[in-house]
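J.: Below are the sequence and a predicted model; questions follow.
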Amino acid sequence: MPLITRVYIRTALIAMLVGLACSAMLLANQAFHLNDVLWILQPACYHLLTIGWLTQLIAGVAIWLFPPHSRELPHGDPRLTWSAYVALNLGLLLRIVAEPLHTWHPSNLLAYILVASGLLQMMAIWLIVLALWPRVRGRANRSVES
Amino acid sequence: MPTMSQFLLRAALIWLAIGAFLGMLILTSKAGLLPGQFLGLRGIHGQIMLLGWMLQAAIGTAIWIFPRISSPQIPRAWRVASAGAWALNIGIACALVAQVFASNQIVYRVLALLAALLELIAGPLLVSQIWARTNSINTLHESVRH
């Protein structure tokens, strides 16, 4: 398993744990009415589980297992995949901090951080799509041969 | 990678890119830097990410990786699954276009209904391709012998 995949999957596992904890807290809040303010965490929780866990896991495994890009770069251009990793997780981190805070106490700074997080996540996903697209192929058509 | 998997995975990547773009618009709207109407895209954003991206990526990978069976019915099964793949993607596209016509109730309802029906029939058609392949190797050998 290449390093890039190990990093993607381990980060996805951490996101899953945090997302699960958040989800458990929201469930407890629903059952025991702990504090209404806690509901501001719901969007962040969903995106931790869908983007941080599921999408990152799928991307990591796809980078590993999809047909090789080329002999020199079997797992594709590392600049694309590493950039995507940094952008995705930075965007997610900014989101889980800024989104609940902005919902609770809106401010211009938090608004701009939220926009930045959205742009980072979108950019990360477009980079992942760019990295994986040429590797979605059958045996007959090879994209790059050395 | 079989052609069906290529189709599903490429479609999944396209929906992932579109879904990420919509997500960025929603987050920017939430930050107050875009009109509030963009918040109405949350439903279609969820549909695209769950059905267009995750479901299709999972099914596409399953069709690629699951044990293969030899059967004279395989060509028909491929056609059935292909119909399912097209139904799913056209359904999601109809749901997306419906958002554009959200102000026109008649067009919106027709497109939304069409989307729902197409997505509903897509499920069994796609599952029919992989259900038989989720068997133990002994069962697969038995089916080939008979």
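T.: Yep, that arrived. As the structure is a prediction and not an experimental result, all values here were calculated from the model.
J.: so how far is chain A from residue B:122?
T.: 20 Å (C-beta to the nearest C-beta, to the nearest Å). Every C-beta, even on glycine, is put in place using the N, C-alpha and C of the backbone.
J.: Let me know whether that residue touches residue B:81 as I believe.
T.: No. Contact criterion C-beta atoms under 8 Å: residue B:122 and residue B:81 do not qualify, at 9.8 Å.
J.: These two: which is more packed in?
T.: Neighbours were counted for residue B:122 and for residue B:81 using other C-beta atoms under 10 Å in any protein chain shown; residue B:122 has more, 25 against 22.
J.: what does chain B put close to chain A?
T.: Within chain B, the positions near chain A by C-beta under 8 Å from any C-beta of the partner chain are B:1-3, B:6, B:9-10, B:13-14, B:16-17, B:20-21, B:23-28, B:30-33, B:49-50, B:53-54, B:57.
J.: What's the ChimeraX syntax to select whichever of those are buried?
T.: In ChimeraX, a selection of the buried entries from the residues of chain B next to chain A looks like this (16 or more other C-beta atoms under 10 Å in any protein chain shown):
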select /B:1,6,9,10,13,14,16,17,20,21,23,24,25,26,27,28,30,31,49,53,54,57
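J.: and residue 53, what does it touch?
T.: Here I'm looking at chain A. By C-beta atoms under 8 Å, 6 or more residues apart in numbering or on different chains, the contact set of residue A:53 is A:12-13, A:15-16, A:19.
J.: that answer is for a different chain, and I need it for chain B
T.: Residue B:53 touches A:55, B:12-13, B:15-16, B:19, counting by C-beta under 8 Å, 6+ apart.
J.: number of nearby residues for residue 120?
T.: Chain wasn't specified; assuming chain A. For residue A:120, the count of nearby residues is 21 (other C-beta under 10 Å).
J.: should've been chain B
T.: For residue B:120, using other C-beta under 10 Å, the count is 12.
J.: go on, residue A:30?
T.: Neighbours around residue A:30, by other C-beta under 10 Å: 11.
J.: what's near enough to touch it?
T.: Residue A:30 neighbours (C-beta under 8 Å, 6+ apart): none.
J.: Could you do residue B:87 as well?
T.: B:118-119, B:121-122, B:125 are the contacts of residue B:87 under C-beta under 8 Å, 6+ apart.
J.: change it to 10 Å
T.: B:117-123, B:125-126 (C-beta atoms under 10 Å, 6 or more residues apart in numbering or on different chains).
J.: Check residue B:92 too.
T.: So residue B:92 contacts B:11, B:15, B:18-19, B:44, B:47-48, B:51-53, B:55-56, B:115, B:118-119, B:122 (C-beta under 10 Å, 6+ apart).
J.: Show only the entries of the residues you listed found in helices.
T.: B:11, B:15, B:18-19, B:44, B:47, B:56, B:115, B:118-119, B:122 (DSSP state H).
J.: Nearest to residue A:45 among these?
T.: Ranked by distance to residue A:45 (C-beta to C-beta), the ones in helices among the contacts of residue B:92 are led by residue B:19 at 18.2 Å.
J.: ranges for the helices of chain A?
T.: Using DSSP H, helices in chain A cover A:3-32, A:42-47, A:56-65, A:78-104, A:108-132.
J.: Could you point out which of those helices sits nearest residue B:68?
T.: Here helix A:56-65 is closest among these (C-beta to C-beta), at 17.1 Å.
J.: quick one: the closest one to helix A:108-132, angle?
T.: 30 degrees (axes from the mean of the first three to the mean of the last three C-alpha atoms, to 10 degrees).
J.: Show me what helix A:56-65 is packed up against.
T.: The contact analysis (3 or more C-beta pairs under 10 Å, 6 or more residues apart in numbering or on different chains; DSSP states H and E) places helix A:56-65 against helix A:3-32, helix A:78-104, helix A:108-132, helix B:3-30, helix B:56-65.
J.: in it, what counts as buried?
T.: A:56-64.
J.: Equivalent analysis for stretch B:86-98, please.
T.: For stretch B:86-98, burial by neighbour count (16+ other C-beta under 10 Å) applies to B:87-89, B:91-98.
J.: quick check, distance from it to the centre of its chain.
T.: How far stretch B:86-98 lies from its chain's middle: 9 Å, per C-alpha atoms, centre = their mean, to the nearest Å.
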